[in-house]
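> Below is the sequence, then the predicted model.
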Amino acid sequence: TQLLEQSPQFLSIQEGENLTVYCNSSSVFSSLQWYRQEPGEGPVLLVTVVTGGEVKKLKRLTFQFGDARKDSSLHITAAQPGDTGLYLCAGDAGGTSYGKLTFGQGTILTVHP
Amino acid sequence: KAGVTQTPRYLIKTRGQQVTLSCSPISGHRSVSWYQQTPGQGLQFLFEYFSETQRNKGNFPGRFSGRQFSNSRSEMNVSTLELGDSALYLCASSHLQPTDTQYFGPGTRLTVL
């Protein structure tokens, strides 16, 4: 059974601070996706990383996929109150794991003005 | 392009009843996956359909079933509802190429009384 350990579970910071969320596994993933979810809504895709060592930037968000494709991180620079939400990492094992994403437990981020 | 749609958005049932949830994928997407999200267990994979065939199934009892139609629309059914089935049920569609990135609908909030 593949597991994704996401940390921290909760993050409460002030506007302007930087933060990093981690996703770790002992398993290899063919790709890893990061989502953000608002209460009562479905997860919204932020990015997909596919290649080991890949780094993708989305404005103030930087995503990294580990060289061995077992871990990933999300770094937010100068957080804003609008960044508040639940952040989820999800791994795709590929092969015959058709349509199955393995999700981390999520990180609830609160950014105070 | 319209996103993934799910109906109904909210549903209240009593124990022992059955329920059917519907999902319309993004146009052109032929893979549809279903997930259950609860505060305690997070997002858990239910099953995936592609071209009307179930290709993958998670660890849920047989009370949970699904199907996919020729237009890629999908339904999931839960029979003999239990209190523990209260959850947000999410549907996601994927184009499969170049990556199996999944795009989620808003979900159906099911409450079992």
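Thanks, I have the structure now. Numbers count the residues shown, from 1 in each chain, chains lettered A, B, ... in the order given.
> can we go C-alpha only for contacts and neighbour counts from here?
Will do.
> Closest residue of chain B to chain A?
Chain B approaches chain A most closely through B:Pro106 (4.2 Å), counting by CA to the nearest CA.
> Counting neighbours, what do you get for the nearest residue to A:Val50 once chain neighbours are set aside?
Leaving aside its chain neighbours, A:Val50 sits nearest to A:Ser31 (4.4 Å; criterion: CA to CA, 6 or more residues apart in numbering or on different chains). For A:Ser31, the count of nearby residues is 22 (other CA atoms under 10 Å in any protein chain shown).
> Same question for A:Ser7.
By other CA under 10 Å, 18 other residues sit near A:Ser7.
> Those residues of chain B touching chain A, which are they?
Taking CA under 8 Å from any CA of the partner chain, the part of chain B that reaches chain A is made up of B:31-33, B:41-45, B:47-49, B:55-56, B:88, B:90, B:94, B:99-107, B:109.
> And for the residue lying closest to B:Thr53 once chain neighbours are set aside, the neighbour number?
Nearest non-adjacent residue to B:Thr53, counting by CA to CA, 6+ apart: B:Gln68, 7.1 Å away. By other CA under 10 Å, 23 other residues sit near B:Gln68.
> what's across from B:Gln68 in the sheet?
Taking DSSP bridges as the rule, B:Gln68 bridges to B:Ser74.
> Can you give me every residue that contacts it?
B:Gln68 sits next to B:49-53, B:74-75 when contact means CA atoms under 8 Å, 6 or more residues apart in numbering or on different chains.
> Was I right to think the residue nearest to A:Val50 contacts A:Ala93?
Yes - counting by CA atoms under 8 Å, A:Ser31 sits close enough to A:Ala93 to count as a contact (7.2 Å).
> And stretch A:63-78, end to end?
One end of stretch A:63-78 sits 15 Å from the other (CA to CA, to the nearest Å).
> Beta-bridge partners for the residue lying closest to B:Tyr10 once chain neighbours are set aside, please?
Leaving aside its sequence neighbours, B:Tyr10 sits nearest to B:Arg109 (CA to CA, 6+ apart; 4.7 Å). Here B:Arg109 sits in beta bridges with B:Tyr10, B:Leu88, going by DSSP bridges.
> hmm, back to that, pLDDT score for the residue nearest to A:Val50?
A:Ser31 carries a pLDDT value of 91.
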